[in-house]
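Visitor: let me see the structure of the following:
(2 chains)
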There are 2 protein chains.
Amino acid sequence: MNAIKWNKDSVIILDQRRLPLDEVYNTYRNYYDIVNSIKEMEIRGAPAIGIAAAMGIALAAKSIRENNINDFRADMNEICGLFASARPTANNLFWAIKRMKKIINSVKDINEMRKMLENEAVKMYSEDIETNKKIGRNGSRFLSDGDIVMTHCNAGSLATAGYGTALGVIRAAIEEGKKIEVFACETRPYLQGARLTAWELQKDKIPVTLITDNMSGHFMKEGVIRKVIVGADRIASNGDTANKIGTYMHSVAAKTNNIPFYVAAPLSTIDTSLASGEGIDIEERSIDEVVYIRSEQIAPEGISVRHPAFDVTPAEFISAIITEKGVIENPAGKGVKELF
Amino acid sequence: MNAIKWNKDSVIILDQRRLPLDEVYNTYRNYYDIVNSIKEMEIRGAPAIGIAAAMGIALAAKSIRENNINDFRADMNEICGLFASARPTANNLFWAIKRMKKIINSVKDINEMRKMLENEAVKMYSEDIETNKKIGRNGSRFLSDGDIVMTHCNAGSLATAGYGTALGVIRAAIEEGKKIEVFACETRPYLQGARLTAWELQKDKIPVTLITDNMSGHFMKEGVIRKVIVGADRIASNGDTANKIGTYMHSVAAKTNNIPFYVAAPLSTIDTSLASGEGIDIEERSIDEVVYIRSEQIAPEGISVRHPAFDVTPAEFISAIITEKGVIENPAGKGVKELF
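Guide: Numbers count the residues shown, from 1 in each chain, chains lettered A, B, ... in the order given. So this is what the prediction gives:
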């Protein structure tokens, strides 16, 4: 199972909107289909959408029939802008586009650029799997044999090129022989936990129990959940972390119950241009994602709805930020600078 | 709109499972239909299920064709047991049954008992509306003009004979001329907030915005939500409060953000036999209520699921318990004894 794969002149994307009921892979040859795929959350997860954008940009380079390098660059930069506007919160998207732009704005031969963009996208994909394995190795020591570990949203294979960030740490601990059980929060409104994390872990035969988001505190207080580990969409210099809506509440409940709360993410998630989480742009998505669950309408017609897709967890609620380069324990006060 | 109504030889119940899409009232002539109505959450809300049980017991007394007072009493006590086993957490159910049992086990004439049970059930209904209006008057001073007040689940007209407990306080504040806006948490898994609170407030033209449960902390941190008010299913002597799953997490987020967290409930919710919340029996409901939203399956087949329907908020997270008899501010440490 791969969330995304490069396939010569096309990109194959697992349609995550149809999980867990159907496992459907779509093949795209046009870059704008990849833009839509990101916007409409066919593919999601901060690292995965970075890779999708890179592959989309590589596809675009192949399809643009332009012989003048300046015009070609102008077109490519415009397309990079389309990808950048697909979703605002995940840093990895902008990080990936930046890597691609570096090639676009330096290489002078169009055919060479096409080849280099393809190579860069494919490299990002394989780097991401390696990165996640390193994150797993760096983080596995925080999980103990017999732990029940809670996670929110999906920071697994489906959110990355493979292995996962938060779920990567769980996988690494299990590979080391530890017995780990996962509590997956369903993650309203888009249900990434119920639909994706539950599906992915069940497929890998990792014991998983589904709960609604509002149960996490209860199971922490009862001593059932022992650790929390989540991914991240953007981490500010001071360690404040934007992640899927609901993460902040889990972190507060964890703090109150003296339960460690870990963030696992690649360095590409860290936005050193931001001093704190206050500057993070929080995407507000369609209210239909709250009011409808597939075909079922769950609220009255015409109701007012808010739908921030992310929230910011202050560094003080985070026990450690686990990256491929190392771990920052108790980031509050010291931030993430020692990683750079 | 009435959640429940006595109608001579029948009880009319609004089918809350079909809200907000359909407003359907069912008429029941058999007590066991009322037992099922409580079990299957056609009617729900601690005060409302107490009244439903009382009305069901009154119906049963009318239908039992038994001339011997001892046999009649035995039958009636058995039926009371059926109602008591319908749902375990709400104290009001047991309180109402106790009131009915007092008549069953003291009155000696069967016909007189029938009449008295009917009168008692009808009295409980009208008392409940009065009680809620008193709760509203006692609590309205905590809400200020311009407040955005968050609530969880439905502690409104639909959860009571009318007016509501938590929503009763909001209604009272509005009747005093204050401008109040409500944030309603959808309340997974059963969606009482999205389906019932949103519907009830929209019908009464009280401004309401729907959010998912995991957004409450975010909107507290952002300064949007200024107060929280919820109902209760059972309150222990020390003030620990069982209420719909998710309440505990909201209380923790409120405490962390210095936002007042109020519980509004009638005295019949208080269980003086319990020293603390640890003794409260938490109902575990069907996993299908988590995995299916009406016809839509949202998680993989065969997944393990937990579904506690309630949690316990420790008194230390509660700013005040508002009852018809008075208010206990900062119940932690002092408990609810001064109300009795």
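
Visitor: need the contact list for A:L93.
Guide: Contact analysis of A:L93 by CB atoms under 8 Å, 6 or more residues apart in numbering or on different chains lists A:38, A:46, A:49-50, A:53, A:83-84, A:86-87. In this view, the C-beta of every residue, glycine as well, is placed from N, C-alpha and C.

Visitor: most neighbours among those, which one?
Guide: The most crowded member of the contacts of A:L93, judged by other CB atoms under 10 Å in any protein chain shown, is A:A53 (33 neighbours).

Visitor: check contacts around the spatially closest residue to A:I298 that is not a sequence neighbour.
Guide: The shortest distance from A:I298 to any non-neighbouring residue, by CB to CB, 6 or more residues apart in numbering or on different chains, is to B:A194 (4.8 Å). Applying CB under 8 Å, 6+ apart, we find B:A194 in contact with A:291, A:298-299, B:20, B:184, B:186-187, B:210.

Visitor: save the contacts of A:L93 as TSV, and put in pLDDT too.
Guide: Shown next, in TSV, are the contacts of A:L93 (pLDDT from 0 to 100):
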residue	pLDDT
A:I38	97
A:A46	95
A:I49	97
A:G50	97
A:A53	98
A:F83	98
A:A84	97
A:A86	96
A:R87	94
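
Visitor: contacts only, for the closest residue to A:V224 other than its chain neighbours.
Guide: Of all residues not flanking A:V224 in the chain, A:I148 sits nearest, at 5.9 Å (CB to CB, 6+ apart). Taking CB under 8 Å, 6+ apart as the criterion, A:I148 is in contact with A:180-183, A:224-227.

Visitor: pick out the most distant pair among these.
Guide: Pairwise distances across these (CB to CB) peak at 13.7 Å, for the pair A:I180 and A:V224.

Visitor: out of the two, which sits in the busier spot?
Guide: Neighbour count, other CB under 10 Å: between A:I180 and A:V224, A:I180 has more, with 23 against 17.

Visitor: list the contacts of the closest residue to A:T151 other than its chain neighbours.
Guide: With CB to CB, 6+ apart as the measure, A:A166 is the residue that lies nearest to A:T151, at 5.2 Å, once sequence neighbours are left out. A:A166 makes contacts with A:151, A:155-156, A:229-231, A:262, A:264, as judged by CB under 8 Å, 6+ apart.

Visitor: redo those as TSV? Include secondary structure, neighbour count and pLDDT.
Guide: Formatted as TSV, those follow (DSSP: H, G, I helix; E, B strand; the rest coil; neighbours: other CB atoms under 10 Å in any protein chain shown; pLDDT from 0 to 100):
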residue	secondary structure	neighbour count	pLDDT
A:T151	strand	30	98
A:A155	coil	34	98
A:G156	coil	31	98
A:I229	strand	28	98
A:V230	strand	26	98
A:G231	coil	31	98
A:Y262	strand	23	98
A:A264	strand	30	98
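
Visitor: give me the helices and strands touching the host helix or strand of A:E78, please.
Guide: Element membership of A:E78, judged by DSSP states H and E, is helix A:69-84. When contacts are defined as 3 or more CB pairs under 8 Å, 6 or more residues apart in numbering or on different chains; DSSP states H and E, helix A:69-84 sits against helix A:31-39, helix A:46-63, helix A:91-104, helix A:110-139.

Visitor: domain parsing for chain A?
Guide: Annotated domains of chain A cover A:4-133, A:138-339 [automatic domain parsing].

Visitor: residues contacting the residue lying closest to A:N67 once chain neighbours are set aside?
Guide: Spatial nearest neighbour of A:N67, chain neighbours left out: A:I110 (7.1 Å); criterion: CB to CB, 6+ apart. Taking CB under 8 Å, 6+ apart, we find A:I110 in contact with A:66-67, A:69, A:72.

Visitor: A:I110 and A:A60, how far apart?
Guide: To A:A60, A:I110 is 12 Å away according to CB to CB, to the nearest Å.

Visitor: so of the domains of chain A, which one's packed in deepest?
Guide: For the domains of chain A, average neighbour numbers computed from mean count of other CB atoms under 10 Å in any protein chain shown are highest in domain A:138-339, which has a mean of 22.

Visitor: centre of the chain versus that domain, how much separation?
Guide: Remark: domain A:138-339 is offset 10 Å from the chain centroid, using CA atoms, centre = their mean, to the nearest Å.

Visitor: now do stretch A:90-102
Guide: Worked out by CA atoms, centre = their mean, stretch A:90-102 lies 14 Å from the chain centre.

Visitor: one step back: of the contacts of B:A194, which belong to strands?
Guide: In this view, the contacts of B:A194 that belong to strands under DSSP state E are B:184, B:210.

Visitor: now for the contacts of B:A194: which two are most distant?
Guide: Of all pairs in the contacts of B:A194, the most separated under CB to CB is A:V291 and B:T187 at 14.4 Å.

Visitor: tell me the SS of A:K5?
Guide: Put simply, A:K5 is strand when judged by DSSP: H, G, I helix; E, B strand; the rest coil.

Visitor: just grab the bridge partners of it for me.
Guide: On the basis of DSSP bridges, A:K5 is bridged to A:I12.

Visitor: so it makes contact with A:I12?
Guide: Yes. The pair A:K5 / A:I12 is scored as a contact, 4.6 Å apart, by CB atoms under 8 Å.

Visitor: find the residues that touch each one of those two.
Guide: Between them, A:K5 and A:I12 share no contacting residue under CB under 8 Å, 6+ apart.

Visitor: quick check on A:K227: phi, psi?
Guide: Here is the backbone geometry of A:K227 (degrees, to the nearest 10): phi -140, psi 160.

Visitor: thought it was touching A:R141?
Guide: No. When contacts are counted by CB under 8 Å, A:K227 is not listed as touching A:R141 (11.7 Å).

Visitor: quick one: end-to-end distance for stretch A:19-38.
Guide: Length of stretch A:19-38, first residue to last, CA to CA, to the nearest Å: 16 Å.

Visitor: that one near chain B anywhere?
Guide: Yes. Contact between stretch A:19-38 and chain B, assessed by CB under 8 Å from any CB of the partner chain, occurs at A:20-21.

Visitor: what's in contact with that stretch?
Guide: Under the criterion CB under 8 Å, 6+ apart, residues A:1, A:7, A:9-15, A:18, A:42-44, A:49, A:52-53, A:55-57, A:59-60, A:63, A:79, A:82-83, A:86-87, A:93, A:158, A:194-196, A:198-199, B:297, B:299-301 lie in contact with stretch A:19-38.

Visitor: chain B contacts on the stretch 51-200 of chain A?
Guide: Counting by CB under 8 Å from any CB, the residues of the stretch 51-200 of chain A near chain B are A:183, A:185-189, A:191, A:194-195, A:198-199.

Visitor: one more pass at 7 Å, please.
Guide: Within reach of chain B by CB under 7 Å from any CB of the partner chain, the stretch 51-200 of chain A has these residues: A:188-189, A:191, A:194-195, A:198-199.

Visitor: greatest separation within those residues: which pair is it?
Guide: A:P189 and A:W199 (17.7 Å).

Visitor: follow-up on the earlier one: who's the residue nearest to A:V224 bridged to?
Guide: Beta bridges link A:I148 to A:E181, judged by DSSP bridges.

Visitor: any idea how far it lies from A:I225?
Guide: 6 Å.

Visitor: what is in contact with these two at once?
Guide: Common contacts of A:I148 and A:I225, defined by CB atoms under 7 Å, 6 or more residues apart in numbering or on different chains, comprise A:F183.

Visitor: check for me that A:A253 belongs to a helix.
Guide: Yes. Membership of A:A253 in a helix is supported by three-state DSSP.

Visitor: which pLDDT value belongs to it?
Guide: In this model, A:A253 is scored at 98, pLDDT.

Visitor: which residues sit in contact with it?
Guide: If you count contacts by CB under 7 Å, 6+ apart, A:A253 has them with A:216-217, A:220, B:249, B:252.

Visitor: what's the answer for A:N214, then?
Guide: By CB under 7 Å, 6+ apart, the contact set of A:N214 is B:188, B:213-214, B:245-246, B:249.

Visitor: noted, bye for now.
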